[in-house]
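J.: Quick check, what structure comes out for this input:
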Amino acid sequence: MIRDFASTRLFVRAALSEGAAFDLDAKQANYLVNVLRLGAGEGVLVFNGADGEWRAALAASGRKAWRLVAAEQTRPQPQAPDLHYLFAPLKHARLDYMVEKAVEMGAGRLRPVITRHTQVKRVNRDRMQANAIEAAEQCGILSLPAIDEPVALTDVLAGWPTAEGTRRLIFCDEGAENTEPVAVLSALPRSPLAVLVGPEGGFAEDERAALRAAPFVTAISLGPRILRADTAAVAALAIVQAVLGDWRNRPAAPD
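T.: Numbers count the residues shown, from 1 in each chain. As a prediction, the model looks like this:
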């Protein structure tokens, strides 16, 4: 099925099925009617993260009120990505960028981790979700990532064997001895994956030692240059997806 990248896409919180009608909130109605200048009967694509993508028609539902009516499903709901992204929180603008890019790169769960040198100890999960939704709307993504509360790195490592099972944690380590990340990743057996990128100041030595000692952790290098944390997110997720993730063995889209 060929994706429609020309039509406007909108995330909605209503259940979607043929004939389902649901009211738009004021912000969505203003965007469609006053910004995009759409009128009654014109179509948009909608998704809710559970019921696939649907083509829906705009309809008036009262004075200055609008609704959408779902007509046909354009894409079924795919299986949600199983790639976790663990990161030290950043300041607002750079965190916004990082969330958008992690969603675009196929992260299915965003997990803020507090380390010794983390500059921001709290995150606005509503803002993170808004950025995830915007990325999904713009890029044709149908599954939204889960967004966790921040957790200390020590607690993450202590609970990993019980909570994560066979999931392997790919640790992006600027001090990694092996500087060939493709070779390191290619040698790993297939298993669920998570990627960890640290704060701007890097990991403390005891944190790095704890990560290197954990049997479920694999350290990789991200090259000879020190990357900013938001850049490292894109680099790390790209190489993991290319070697072990959903960039491999992807079926060709039908004509």
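
J.: just how off-centre is stretch 23-39 within its chain?
T.: 26 Å (Cα atoms, centre = their mean, to the nearest Å).

J.: what's the span of that stretch from first residue to last?
T.: 15 Å (Cα to Cα, to the nearest Å).

J.: Okay, buried residues for that stretch please.
T.: Going by neighbour count (16 or more other Cβ atoms under 10 Å), the buried part of stretch 23-39 is L24, Q28, A29, L32, V33, L38. The way it works is simple: take the backbone N, C-alpha and C, and place the C-beta from them, glycine included.

J.: Looking at those residues, which are in helices?
T.: Q28, A29 (DSSP state H).

J.: all strands for the protein, in order.
T.: With DSSP state E, the ranges of strands along the chain come out as 9-11, 21-23, 43-47, 53-62, 65-75, 83-87, 107-114, 146-147, 151-152, 168-172, 193-197, 217-220.

J.: Check the gap between the residue of the chain most remote from its centre and T154 for me.
T.: Here the chain reaches farthest from its C-alpha mean at R63, the gap being 37.4 Å by Cα atoms, centre = their mean. Noted for R63: a distance of 57 Å to T154, by Cβ to Cβ, to the nearest Å.

J.: Identify the residues contacting stretch 136-152?
T.: 3, 5, 9-11, 47, 49, 52-53, 75, 77-81, 89, 102-104, 107-114, 121-123, 125, 128-129, 132-133, 135 (Cβ atoms under 8 Å, 6 or more residues apart in numbering).

J.: Please repeat the previous calculation with a cut-off of 7 Å.
T.: Identification of contacts with stretch 136-152 by Cβ atoms under 7 Å, 6 or more residues apart in numbering yields 3, 5, 9-11, 47, 49, 52-53, 75, 77-78, 80-81, 89, 103-104, 107-114, 122-123, 125, 128-129, 132-133, 135.

J.: hmm, which of those residues are the buried ones?
T.: Buried among these by 16+ other Cβ under 10 Å: 9-11, 47, 49, 52-53, 77, 81, 89, 103-104, 107-114, 123, 128-129, 132-133, 135.

J.: need the contact list for the residue farthest from the centre of the chain.
T.: R63 touches nothing, counting by Cβ under 7 Å, 6+ apart.

J.: So for it, what's the pLDDT?
T.: On pLDDT, R63 comes in at 75.

J.: Then F216?
T.: Taking F216 on its own, its pLDDT is 97.

J.: what's the distance between it and W160?
T.: Taking Cβ to Cβ, one finds F216 at 6 Å from W160.

J.: overlap in contacts of the two?
T.: With Cβ under 7 Å, 6+ apart, F216 and W160 have common neighbours L169.

J.: Need the distance between the two termini of stretch 51-68.
T.: Where stretch 51-68 begins and where it ends lie 15 Å apart, using Cα to Cα.

J.: cool, stretch 73-89 as well?
T.: Note: stretch 73-89 ends 37 Å apart using Cα to Cα.

J.: coming back round to it: could you export the strands of the chain as JSON lines, including distance to L95?
T.: What follows is the strands of the chain, written out as JSON lines (distance: least, Cβ to Cβ, whole Å):
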{"stretch": "strand 9-11", "distance to L95": "20"}
{"stretch": "strand 21-23", "distance to L95": "31"}
{"stretch": "strand 43-47", "distance to L95": "24"}
{"stretch": "strand 53-62", "distance to L95": "28"}
{"stretch": "strand 65-75", "distance to L95": "30"}
{"stretch": "strand 83-87", "distance to L95": "9"}
{"stretch": "strand 107-114", "distance to L95": "9"}
{"stretch": "strand 146-147", "distance to L95": "12"}
{"stretch": "strand 151-152", "distance to L95": "16"}
{"stretch": "strand 168-172", "distance to L95": "17"}
{"stretch": "strand 193-197", "distance to L95": "12"}
{"stretch": "strand 217-220", "distance to L95": "23"}
